[in-house]
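K.L.:
Need coordinates for the below:
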Amino acid sequence: MREEIMLLQCLLKGFVKVGTLNLIDCHGNNHLFSLTPYPKITVRLHSKSIERRLCYSPMLALGEGYMEGE
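P.N.:
As a prediction, this is how the structure comes out:
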């Protein structure tokens, strides 16, 4: 597994407190973070660069990545 995804998984495990998050990385692999069945959300990352940026500056990368379609 790539280092960026492993780091992102560690961050998201602490972030998801309620619901289910399905993260689809740029290679199409699913990563599921679930504590309760609802609400459910799916996020697809379209590039390697957004994965890396989310690890180092998540709040900024999230907004910029959304605006850039990543």
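K.L.:
residues in contact with the residue nearest the centre of the chain?
P.N.:
When CA atoms, centre = their mean is applied to the chain, the residue found nearest the centroid is Leu23 (5.0 Å). Applying CB atoms under 8 Å, 6 or more residues apart in numbering to Leu23 gives the contacts 8, 12, 30-33, 42-43, 45. Just so you know, the C-beta spots here come from the backbone N, C-alpha and C atoms, and that holds for glycine as well.
K.L.:
same thing but 7 Å
P.N.:
Contacts for Leu23 (CB atoms under 7 Å, 6 or more residues apart in numbering) come out as 12, 31, 43.
K.L.:
Apart from its chain neighbours, what residue comes closest to the first one?
P.N.:
Distance criterion CB to CB, 6 or more residues apart in numbering; nearest residue to Leu12, sequence neighbours excluded, is Phe33 at 5.1 Å.
K.L.:
Output the residue ranges of the helices in this structure, listed in chain order.
P.N.:
For the chain, the helices defined by DSSP state H occupy 3-15, 48-56, 58-68.
K.L.:
Figure out which of the ones you listed is closest to Pro37.
P.N.:
Proximity to Pro37 (CB to CB) singles out helix 3-15 among these, at 17.4 Å.
K.L.:
buried ones in that closest one?
P.N.:
When neighbours are counted by 16 or more other CB atoms under 10 Å, the buried residues of helix 3-15 are found to be 4-5, 8, 12.
K.L.:
what would those residues look like in JSON lines with distance to Val18 and pLDDT?
P.N.:
Output for those, formatted as JSON lines (distance: CB to CB, whole Å; pLDDT from 0 to 100):
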{"residue": "Glu4", "distance to Val18": "25", "pLDDT": "72"}
{"residue": "Ile5", "distance to Val18": "23", "pLDDT": "75"}
{"residue": "Leu8", "distance to Val18": "19", "pLDDT": "75"}
{"residue": "Leu12", "distance to Val18": "13", "pLDDT": "74"}
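K.L.:
can I get these in a markdown table with distance to Arg53?
P.N.:
Converted to a markdown table, the buried residues of helix 3-15 look like this (distance: CB to CB, whole Å):
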| residue | distance to Arg53 |
| --- | --- |
| Glu4 | 9 |
| Ile5 | 13 |
| Leu8 | 10 |
| Leu12 | 15 |
